[in-house]
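Student: Provided below for reference: sequence and predicted model.
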Amino acid sequence: MKKSLLGSALIAALASSGLAAGTPERAMHLSRDGLGQVLVFPYYTVNSSGFGAQQTLVSIVNTTDRAKAARLFFYEGRNGRPVATVTLYLMPFDTWTAAVFPLSDTGPANITTFDLSCTDPDLRQSNTLPELANGNHYLPFSNASYTGTQNDSGPDDLARTREGHLVLIELGEIVAGGNETLAAITPDETGAPAACVQVANAWSPNGYWTNNRIADLEPPGGGLSGSAYPINALNGTMQLIEADAIANFYDRVLNESPALGGPTLSTPTDAGPIPSAASVELIMDGVPTTLNYVGIFPVDAVSALFMAESIYNDFVATESLGGASEWVVTFPTKRYYVTGSETGIQAVEPFTNAFPIEGDRGTAPVGFGVEAWTRDGLPLDCIPPYSYSGCIIGVPPPSEPMQLNFVTNVISINQNERGLPQSAILGATQSFPIDFFDIFDGGTVPEGGMTIRFADSSAGTGPRLLPDQSGRRLYGMPVQAFWVASYTNTAVVPGVLANYSEAVKHAVRQTATPGTAQPAAVSAK
């Protein structure tokens, strides 16, 4: 599968192929071939931008010759509460696609599919789901996880479901067995599976998975890849967002009733001290290094994969090109550290604010600093209508700190100064505006580069992940981030308007405190 533009620093800092020299056979790692047991997508949206409503297309590919059971979770963008869950049953070499779409400007996101692969619930034909005009059924996203007894003190409306991130977790590989699960999901001569209702009924009170959750299943084998595509049909733009793939996430069948709400990214140490599932392989200073999180806060092993002291990318806001830039910054494991039974009242490091903080309904702020440059490397000034710490180069920082309040955040660059609508590309409802100015003449800078810094390892300051068994602590925050750019060309031919867009992953710097962790042995293979 063709890879999008990817900062080489991201690969160097975070990813290590399971085939690379020095990688333990079962250590969890971010796969640089994009294949894994878990897929983490940093963004989906159905918000309306200045050019109309958007949809997000989702594609999941099984690249192996083994049938798979996998569960897809959608998490809303404010506090990462689950808002939709779909279980997929994929045949060998199967590609499953679906559309996340709105039916109004304020209602929930919804998901539907034309794909014939079995799902639970049945997104195409279930009589318990609402129906579209074309006869397909769809699943509306729900606010049940943050209302009623689950209320988290944030807004309780369905609009919270309209943007966020998604995670796919492989449950196991489907094999021939006494319950004929494999036969049920296998297509007949028309291309339709033989009996999708069977896998849904397997979780009924007397179903075979209710009695034996591993029936007809073997442990996850990986080999899954995925992409998400925010599409604005009226604007004629689409961005490709490839999922980060976690390899060697778990070595046991993860199948469980959908009613239980799992598995989750905290599973690696939830189920017991399984060293292979809680060991993480990173590249630290060019050397493959293993960190062990057995018996420590459950999700730290996954967070370690995404930890970043700082992130870097470009921005383009050239008016003559109709240019606009936004950064999406998602903290995919934040929900486990700031809210719910996992933390009680207090936030857990590296996060310092629980959700919601007192006096600010529905936020759990993460502080950060910004440095920015022209394309020639000259420093830039950053003065929005209100001031932020870390933004202004060469002068004492103002008292009001910069902060990202949510699990999924969108930063709009140079849009406020130009009078563009809030989050002109993605239509984010809680976008964070930053405008850059030339220090010497005060004019808005059309393009350049920007770094967001969560910690400063050189000074030993800033948030850090809890220590692994050796005492080593990773600096910064667990983050996924990418830059979205759009351009409007009015000069192709008279009367023709051409629009372009792209999504580019951030480069990442990962650092750790000194510790006794030993580098993994380097193999001669």
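Tutor: That came through fine. Numbering: from 1, shown residues only.
Student: Do I have it right that R160 meets T147?
Tutor: No: contact criterion C-beta atoms under 8 Å: R160 and T147 do not qualify, at 9.8 Å. For every residue, glycine as well, the C-beta is placed using N, CA and C.
Student: Next, count neighbours for D468.
Tutor: D468: 25 surrounding residues under other C-beta atoms under 10 Å.
Student: dump the residue contacts of the closest residue to it other than its chain neighbours.
Tutor: With C-beta to C-beta, 6 or more residues apart in numbering as the measure, L291 is the residue that lies nearest to D468, at 4.2 Å, once sequence neighbours are left out. Contacts for L291 (C-beta atoms under 8 Å, 6 or more residues apart in numbering) come out as S279, V280, L282, A304, D468, S470, R472, L474, A517.
Student: quick revisit: please identify which of R160 and T147 sits among more neighbours.
Tutor: R160 (25 against 17).
Student: follow-up on the earlier one: how about the secondary structure of the residue nearest to D468?
Tutor: strand (DSSP: H, G, I helix; E, B strand; the rest coil).
Student: What of A176?
Tutor: Applying three-state DSSP to A176 yields a three-state assignment of coil.
Student: Relative to A183, how far out is it?
Tutor: Relative to A183, A176 is positioned 8 Å away (criterion: C-beta to C-beta, to the nearest Å).
Student: Compare the two (neighbour count), which wins?
Tutor: Taking other C-beta under 10 Å, A176 and A183 do not tie; A183 has more neighbours (14 against 11).
Student: Find the nearest non-adjacent residue to that one, please.
Tutor: The nearest residue in space to A183 (C-beta to C-beta, 6+ apart) is A194, at 6.1 Å.
Student: Find the residue at the geometric middle of the chain.
Tutor: When the chain is reduced to its mean C-alpha position, the nearest residue by C-alpha atoms, centre = their mean turns out to be P42, at 2.4 Å.
Student: got the contact list for the residue lying closest to N409 once chain neighbours are set aside?
Tutor: Of all residues beyond its chain neighbours, the one nearest N409 is V329 (4.7 Å), with distances taken as C-beta to C-beta, 6+ apart. For V329, the residues meeting the contact criterion (C-beta under 8 Å, 6+ apart) are I311, L404, T408, N409, V410, I411, I452, V479, Q480, A481.
Student: my guess is the second one meets V366, correct?
Tutor: Yes: contact status for L404 versus V366: in contact at 4.8 Å, counting by C-beta under 8 Å.
Student: what touches both of the two?
Tutor: The contact sets of L404 and V366 overlap at F331 (C-beta under 8 Å, 6+ apart).
Student: where does W209 land in three-state SS?
Tutor: Assignment for W209 (three-state DSSP): helix.
Student: May I have the residues that are in contact with the residue lying closest to it once chain neighbours are set aside?
Tutor: In space, W209 comes closest to A202 once its chain neighbours are excluded; the distance is 4.0 Å by C-beta to C-beta, 6+ apart. Neighbour list for A202: N179, T181, Y208, W209, T210, A215 [criterion: C-beta under 8 Å, 6+ apart].
Student: Are any of those buried, and if so which?
Tutor: N179, T181, Y208, W209, A215 (16 or more other C-beta atoms under 10 Å).
Student: Where do the helices of this structure begin and end?
Tutor: Listed in chain order, the helices found in the chain under DSSP state H are 8-14, 181-185, 196-201, 208-211, 267-270, 275-278, 300-306, 335-338.
Student: Now do L466 against S458, distance only.
Tutor: Where S458 is concerned, L466 sits at a distance of 21 Å (C-beta to C-beta).
Student: higher neighbour count, these two?
Tutor: Set side by side, L466 and S458 show more neighbours around L466, with 16 against 9, by other C-beta under 10 Å.
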